[in-house]
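# any chance you could fold what I've pasted below:
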Amino acid sequence: MRLINSGQSDPELLKLLGSSFDHKVAALKWGVILLFGGIGLVVIYCVPDAQILESPLPYGIEMIFVAMGFLAYYLLVRKKSNP
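This is a model prediction of the structure:
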């Protein structure tokens, strides 16, 4: 919107910017990240040492699972983009 208001009305540029965001890919991203985050919370519940309040173990477990979700998303998108 700022490009249009500033006078940059090149149709090719506006078409390129409009097609750069894909709702399906964004939904896939958040779905994968939330899935792995939820799995991490279940693992935290099942690990007996993670129930101690001062333990940093639950944070580490959750961070690992969220990172695995981001990596899984990256690999899925990369596989989808390469024929």
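
# state the phi and psi torsions of Glu54.
Torsion angles at Glu54 (phi, psi; degrees, to the nearest 10) stand at phi -90, psi 0.

# ok, Leu71 to Arg78 distance?
Look at Leu71 and Arg78: by CB to CB, to the nearest Å, they are 10 Å apart. The way it works is simple: take the backbone N, C-alpha and C, and place the C-beta from them, glycine included.

# quick one: which of the two has more around it?
Taking neighbours as other CB atoms under 10 Å, Leu71 and Arg78 compare with Leu71 leading, 12 against 9.

# that one: which element?
Element membership for Leu71, per DSSP states H and E: helix 57-81.

# what is the burial count for the closest residue to Phe65 other than its chain neighbours?
Leaving aside its sequence neighbours, Phe65 sits nearest to Gly40 (CB to CB, 6 or more residues apart in numbering; 2.9 Å). Gly40 has 21 neighbours, counted by other CB under 10 Å.

# can you tell me the element the one residue sitting closest to the centre of the chain falls in?
The centroid of the chain falls nearest to Lys29 when counting by CA atoms, centre = their mean (4.1 Å). Per DSSP H and E: Lys29 is located in helix 23-46.

# the helix holding Leu71 - what's its average pLDDT?
Summarised as a single mean, pLDDT over helix 57-81 is 93.

# thinking again about what came up before, is it correct that the residue nearest to Phe65 is in contact with Glu62?
Yes: between Gly40 and Glu62 there is a contact at 4.5 Å, judged by CB atoms under 8 Å.

# so how far is the helix holding Leu71 off the chain centroid?
8 Å (CA atoms, centre = their mean, to the nearest Å).
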